[in-house]
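Asker: take a look and give me a structure for this.
(2 chains, ligands or ions: 1)
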Amino acid sequence: MKRIDSPMSEADARSLRAGETVFLTGTIITARDKAHLRALKKSSAGEKVDLMDGATVYHCGPIMREGDGFEVIAAGPTTSARMNMLAPRAIRELGVRAIIGKGGMSKETHDALVENGGVYLAATGGAAVTLAEGIKDVTGREWEDLGMAESVWFLKVKDFGPLVVAMDAHGRSLYEEVERRVRENSGI
Amino acid sequence: MIILPESWEDVVVRLLRMSETRLPDDVSWALEAAAAWEGGDIARSQLGAILDNSSKAEFVSRPMCQDTGLPVFFVKGRIPVDIEDSIAAGVRKATKDIPLRPNAVDPLSRENSGDNVGSGVLVHYRPMDVPYTEITVLPKGAGSENMSRLAMLTPSDGEDIIKDFVVRTVLQSGGRPCPPTIVGVGIGGTADACMALAKEALLMPLDSRNPDERLRKMEEDLFIKLNSSGLGPMGLGGDTTVLGVRIKMASCHTASMPVAVNLNCWAARRATARMHIDGSVRYTQGAFE
Ligand code: SF4
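Answerer: Residues are numbered from 1 along each chain as shown, chains lettered A, B, ... in the order given. Modelled structure (predicted):
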């Protein structure tokens, strides 16, 4: 079992190879469509946005229960492809280092990852309880007005995973390889 | 299980809790079988994570996936006139109590109603002359629902073209619907009825036999074809792309040939309650009888 610190250094991100399985320990943040949009709008307006700088961004809209602080009930990945239009800029302008999601992302996003030394990690879609187990604490929340699923949550994680390195900083993508195989096998 | 007496609102809350926290047996069995025959390392780890997740969710009684879906209801038998209000009340209560993620929004403003009801619950009705009312819930996540497709083929397009459309729809959706998926297929009817058939096909347990021999054969062919594609769990490669294919058919116009595909992710949640006229209620996550 390969353990990696989060946020990760560029060297750490570059050391990961497609096909490897890793577990993260440290801090990750959640961001979906609306959070990406807001961050990029602010950045376009000349405002400095540093919440994604060097961060591991988890495409996730969790279920939280509010009591004494927040308790994570379920937190699996959402479909990353929805962020395809926004992610390349988030990587280049806002400094996103690593992305956790499901289903993979576009070639443009992968190019940005390669350029900046970043990785895309695939979490098991729907494995919300197993993944929530790796989240030890909710340490903060930004943009509460976006609602439970779309807010940016700061999460303290320990051995969060399993995560498969699906797009690495060297340009290798498991999705591309699988797509090619599917085409060969099925003619589609 | 017999519990009495309950209000329809309570029944709906129980159905939602049951479906969200525990996989139907046929789906668990299919996942376990897949994990046993799967050859790839990554694929095995994905199936392992899914199985681990499902047993934990059941154990701690929490939703197995954070996308608790939009609940789709099927009501058949005797239809109480106020059933829709009871269902809506049950959904609101379950959203708070379980809790479920509020998913219902206004399509244009994208404003979230916070209660999973919004402008109204989604219900399919089938009145029948029987001494009971049956309610089934199918909480539907967006990842798989978004991959739905309808094709108005031409009448001369035969079985091969129908199968090709289904295969394309499933494989082109890649990892997005959280494979291994269950493929619901509707053949015939009108455009709207065809998609409803595809959704109803998702209610057929995987271990039940399609009563129509032609459809059973098609289900088998598609199952083999899809699982030899190499797409695999989460689209990361492997031998398990689908857990099952279910097909429902209805007559159509002599000049049309509608085919619909409605996918369900591995988190194929469903539960059914039957209330008899004496007020007793039975529950199942399979089929009655
Ligand atoms: S497709 Fe299904 S398993 Fe995947 S995130 Fe959506 S509801 Fe969960």
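Asker: wait, does the strand or helix carrying A:V178 contact chain B?
Answerer: Per DSSP states H and E, A:V178 falls inside helix A:174-186. Yes - looking at helix A:174-186 against chain B by C-beta under 8 Å from any C-beta of the partner chain, the contacts come from A:174-175, A:177-179, A:181-182, A:185-186. Glycine gets a C-beta too; all of them are placed from N, C-alpha and C.
Asker: ok, and of these, which contact the ligand?
Answerer: The subset of the residues of helix A:174-186 next to chain B lying close to the ligand, counting by C-beta under 6 Å from any ligand atom, is empty.
Asker: can you put those in a markdown table and add neighbour count?
Answerer: As requested, those are exported to a markdown table (neighbours: other C-beta atoms under 10 Å in any protein chain shown):
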| residue | neighbour count |
| --- | --- |
| A:L174 | 24 |
| A:Y175 | 24 |
| A:E177 | 16 |
| A:V178 | 24 |
| A:E179 | 20 |
| A:R181 | 15 |
| A:V182 | 21 |
| A:N185 | 14 |
| A:S186 | 19 |
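Asker: quick one: stretch B:63-79 to chain centroid distance?
Answerer: 9 Å (C-alpha atoms, centre = their mean, to the nearest Å).
Asker: which of the residues in it are buried?
Answerer: Judged by neighbour count using 16 or more other C-beta atoms under 10 Å in any protein chain shown, the buried positions of stretch B:63-79 are B:63-78.
Asker: now, these that are in helices?
Answerer: Among the buried residues of stretch B:63-79, no member falls in helices (DSSP state H).
Asker: lowest pLDDT pick from those residues?
Answerer: By pLDDT, B:Q66 ranks lowest within the buried residues of stretch B:63-79, coming in at 90.
Asker: mind listing what that residue touches?
Answerer: Contacts here follow C-beta atoms under 8 Å, 6 or more residues apart in numbering or on different chains; on that basis B:Q66 touches A:60-63, A:73-76, A:128, B:101.
Asker: ok, and the helix or strand in chain A with the lowest average confidence?
Answerer: strand A:63-67 (a mean of 88; mean pLDDT, DSSP states H and E).
Asker: and the helix or strand just after it, anywhere near chain B?
Answerer: Sequence order places strand A:69-74 as the next helix or strand after strand A:63-67, per DSSP H and E. Yes - Strand A:69-74 lies within reach of chain B by C-beta under 8 Å from any C-beta, at A:73-74.
Asker: who's in contact with strand A:69-74?
Answerer: By C-beta under 8 Å, 6+ apart, strand A:69-74 touches A:62-65, A:128-129, A:132, A:135, A:138, A:141, A:153, A:155, B:62-66, B:68, B:99, B:101.
Asker: ok, now stretch B:28-40?
Answerer: Contacts for stretch B:28-40 (C-beta under 8 Å, 6+ apart): B:23, B:44, B:47-48, B:50-51, B:54, B:180, B:206-207, B:232-233, B:237-240, B:243-244, B:266.
Asker: identify the residues contacting the least confident helix or strand of chain A?
Answerer: Taking C-beta under 8 Å, 6+ apart as the rule, strand A:63-67 contacts A:70-75, A:128, A:138, A:148, A:153, B:63, B:66, B:68, B:99-101.
Asker: quick one: it to strand A:69-74, angle?
Answerer: With axes from the mean of the first three to the mean of the last three C-alpha atoms, to 10 degrees defining the directions, strand A:63-67 sits at 150 degrees from strand A:69-74.
Asker: near the ligand, anything from strand A:63-67?
Answerer: No - against the ligand, strand A:63-67 shows no contacts by C-beta under 6 Å from any ligand atom, the least distance being 11.5 Å.
Asker: just the buried residues of the contacts of strand A:69-74.
Answerer: Burial of these was assessed by neighbour count (16+ other C-beta under 10 Å); the buried members are A:62-64, A:128-129, A:132, A:135, A:138, A:141, A:153, A:155, B:62-66, B:68, B:99, B:101.
Asker: so of the residues you listed, which ones are in strands?
Answerer: Of these, the ones assigned to strands by DSSP state E are A:63-64, A:135, A:138, A:141, A:153, A:155.
Asker: between the residues you listed, which is closest to B:V13?
Answerer: A:I63 (16.7 Å; C-beta to C-beta).
Asker: mind listing what the residue lying closest to B:R22 once chain neighbours are set aside touches?
Answerer: If the residues on either side of it in the chain are set aside, B:R22 comes closest to B:E58, at 4.7 Å by C-beta to C-beta, 6 or more residues apart in numbering or on different chains. Residues in contact with B:E58 (C-beta under 8 Å, 6+ apart) are B:21-23, B:64.
Asker: CA-only coordinates of the helix holding A:V178 in PDB, if you can.
Answerer: What follows is helix A:174-186, C-alpha atoms only, in PDB (Å, rounded to 0.1, in the frame of the first residue of the first chain):
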ATOM      1  CA  LEU A 174      -5.600   4.500 -18.200                       C
ATOM      2  CA  TYR A 175      -8.800   5.800 -19.700                       C
ATOM      3  CA  GLU A 176      -7.200   6.300 -23.100                       C
ATOM      4  CA  GLU A 177      -5.700   2.800 -22.900                       C
ATOM      5  CA  VAL A 178      -9.000   1.200 -21.900                       C
ATOM      6  CA  GLU A 179     -10.800   3.100 -24.600                       C
ATOM      7  CA  ARG A 180      -8.400   1.800 -27.200                       C
ATOM      8  CA  ARG A 181      -8.900  -1.800 -25.900                       C
ATOM      9  CA  VAL A 182     -12.700  -1.400 -25.900                       C
ATOM     10  CA  ARG A 183     -12.500  -0.200 -29.500                       C
ATOM     11  CA  GLU A 184     -10.500  -3.200 -30.500                       C
ATOM     12  CA  ASN A 185     -12.700  -5.600 -28.700                       C
ATOM     13  CA  SER A 186     -16.000  -4.200 -29.700                       C
END
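Asker: would you map the strands across the chain?
Answerer: Reading this off chain A. Along chain A, the stretches classed as strands by DSSP E are A:2-6, A:21-30, A:56-58, A:63-67, A:69-74, A:98-101, A:119-123, A:135-142, A:152-167.
Asker: right idea, wrong chain: chain B
Answerer: Counting by DSSP E, the strands of chain B are B:2-3, B:70-77, B:122-127, B:132-140, B:149-153, B:181-188, B:242-250, B:257-264, B:271-276, B:281-284.
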